[in-house]
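Participant: give me a model of this one.
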Amino acid sequence: MNSASHKTGQVPSAPVRSAPLRRRRKTEKPEPGAAEPTTTEPTTTEPTTTEPTTTEDATPEGDVSLTKSPAESADTSDSATDPDALVASMSYRERRRRRLAASGDTAPAQVAKVSALRARSDRSILKLVATSLAVLIIVGCLVASAVFAIALGRIDHQRDLRAEYSGFAQQMTVTMTSLNPGNVDAAMKTMSDKTSGTAQQRLNESMGQAVSLVRDQKLDVSSRVISDAVTKAADDEGSVIVVYGWQMKPADPKEQTIVQTFRWRVDITRINGQLKMTDFEWVT
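Facilitator: Here you go, the predicted structure:
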């Protein structure tokens with residue numbers, strides 16, 4: 001049996017005890033001289049049973065056992081129940097959670113509370129910053145609009161001044177240089193009302209001679225503004241350069257018409273809210 005189990009690669013099982021043989025009954029001694037009967041008493045033996053061998057009891061030679069031996073199982077169970085081994089196999093967060101739970105510390109709650117307060121303060125700061133930025137943007141837009149409106153107002157005001165000075169200079173040029181026997185009185189009145197200072201003194205001398213010549217020779221003098229340019233435009237004074245064409249027709253049709261072009265600078269001043277020509281100068 002041992003050889004057979006050794007051949008099959010199985011570990012020999014423990015010997016099985018068989019039941020003891022029944023005690024033989026005492027037989028009467030044969031009488032002397034009588035032949036003893038040869039009787040063989042049947043012997044009964046209980047069948048021998050062999051316990052089945054499992055993979056834990058025996059493993060074939062040359063094969064690797066997939067199950068742990070009792071020693072290894074004991075080592076594994078010891079390591080599994082070892083608290084140091086369990087702690088070493090845990091992550092940092094799990095160890096910290098177990099340590100805090102064991103000590104009954106309320107630090108996580110405090111940390112969560114601090115985190116909530118910090119998040120709330122961060123949101124408040126963000127809201128404050130966003131509100132400040134919105135206010136700054138609105139104020140910037142209002143300031144830009146105001147500056148733009150003021151700039152437009154100044155441009156419009158400057159444009160109005162330039163147009164006012166240009167129109168006044170053209171009117172005075174045409175009035176002072178367009179003379180005939182029918183309008184000399186109106187020209188003299190305009191000169192008296194619309195001029196002042198140096199311009200009025202110089203025009204009084206020249207206009208007197210021109211009016212006398214026009215009335216005596218019945219001359220017809222006319223002028224037309226060709227172009228003008230405003231060189232100065234302030235609230236109280238301005239200056240305009242006027243280019244105009246001058247034409248004189250004599251009373252005798254046979255005489256030739258004289259045509260010339262002149263350019264002069266007209267200085268204008270606002271006096272008591274009214275524009276007046278205060279000086280003029282011929283420009284070459």
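Participant: mean confidence for the strand or helix carrying residue 212?
Facilitator: Taking DSSP states H and E as the definition, residue 212 sits inside helix 198-217. Averaging pLDDT along helix 198-217 yields 86.
Participant: in the helix or strand that it is followed by, what's buried?
Facilitator: Using DSSP H and E, the helix or strand that follows helix 198-217 in sequence is strand 220-233. Across strand 220-233, burial judged by 16 or more other C-beta atoms under 10 Å covers 220, 221, 223, 225, 228, 230, 233. C-beta coordinates here come from the backbone N, C-alpha and C atoms, glycine included.
Participant: just curious, which of those residues is nearest to residue 146?
Facilitator: For the buried residues of strand 220-233, the minimum distance to residue 146 (C-beta to C-beta) is 24.1 Å, reached by residue 233.
Participant: specify the beta-bridge partners of that closest one.
Facilitator: residue 238 (DSSP bridges).
Participant: that one and residue 157 touch, don't they?
Facilitator: No: assessed by C-beta atoms under 8 Å, residue 233 is found out of contact with residue 157, at 9.5 Å.
Participant: quick one: residue 173 from residue 235, how far?
Facilitator: Applying C-beta to C-beta, to the nearest Å, the value for residue 173 to residue 235 is 23 Å.
Participant: of the two, who's got more company?
Facilitator: Taking other C-beta atoms under 10 Å, residue 173 and residue 235 do not tie; residue 173 has more neighbours (24 against 9).
Participant: you'd agree the more buried one is up against residue 246?
Facilitator: No: the criterion here is C-beta under 8 Å, and residue 173 misses it with residue 246 at 9.9 Å.
Participant: identify the contacts common to the two.
Facilitator: Common contact partners of residue 173 and residue 246 (C-beta atoms under 8 Å, 6 or more residues apart in numbering): residue 223.
Participant: buried residues in the helix holding residue 212?
Facilitator: By 16+ other C-beta under 10 Å, the buried positions in helix 198-217 come out as 199, 200, 203, 207, 210, 211, 214.
Participant: in CSV: the residues you listed, plus distance to residue 122.
Facilitator: What follows is those, written out as CSV (distance: C-beta to C-beta, whole Å):
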residue, distance to residue 122
199, 76
200, 79
203, 81
207, 86
210, 89
211, 90
214, 92
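Participant: so where is the stretch 1-150 of the chain shaky, pLDDT-wise?
Facilitator: 1-88, 102-120 (pLDDT under 70).
Participant: repeat that for 50
Facilitator: Within the stretch 1-150 of the chain, the set of residues satisfying pLDDT under 50 comprises 1-14, 18-20, 26, 30-68, 74, 79.
Participant: hmm, back to that, name the residues that touch the helix holding residue 212?
Facilitator: Here helix 198-217 has contacts from 176, 179-181, 184, 187-188, 191-192, 195, 219, 221, 250-251, 267, 277-280, using C-beta under 8 Å, 6+ apart.
Participant: which ones among those residues are found in strands?
Facilitator: Per DSSP state E, strands hold the following members of those: 221, 267, 277, 278, 279, 280.
Participant: what residues are up against the second one?
Facilitator: By C-beta under 8 Å, 6+ apart, residue 267 lies in contact with 199, 237, 238, 239, 277, 278, 279, 280, 281.
Participant: that one bridge partners, please.
Facilitator: Per DSSP bridges, the residues bridged to residue 267 are residue 239, residue 279.
Participant: how far away is it from residue 212?
Facilitator: 27 Å.
Participant: and for the fourth one?
Facilitator: Counting by C-beta to C-beta, the separation of residue 278 from residue 212 is 26 Å.
Participant: cool, the first one as well?
Facilitator: Distance check for residue 221 against residue 212: by C-beta to C-beta, it reads 13 Å.
Participant: cool, and the third one?
Facilitator: From residue 277 across to residue 212, the span is 22 Å (C-beta to C-beta).
Participant: please apply the same query to the fifth one.
Facilitator: Computed with C-beta to C-beta, the distance linking residue 279 and residue 212 is 25 Å.
Participant: go ahead and name everything in contact with the strand or helix carrying residue 243.
Facilitator: Of the helices and strands defined by DSSP H and E, residue 243 is found in strand 237-249. Outside of strand 237-249, the residues within contact range by C-beta under 8 Å, 6+ apart are 161-162, 164-166, 168-170, 173-174, 177, 219-232, 257-270, 283.
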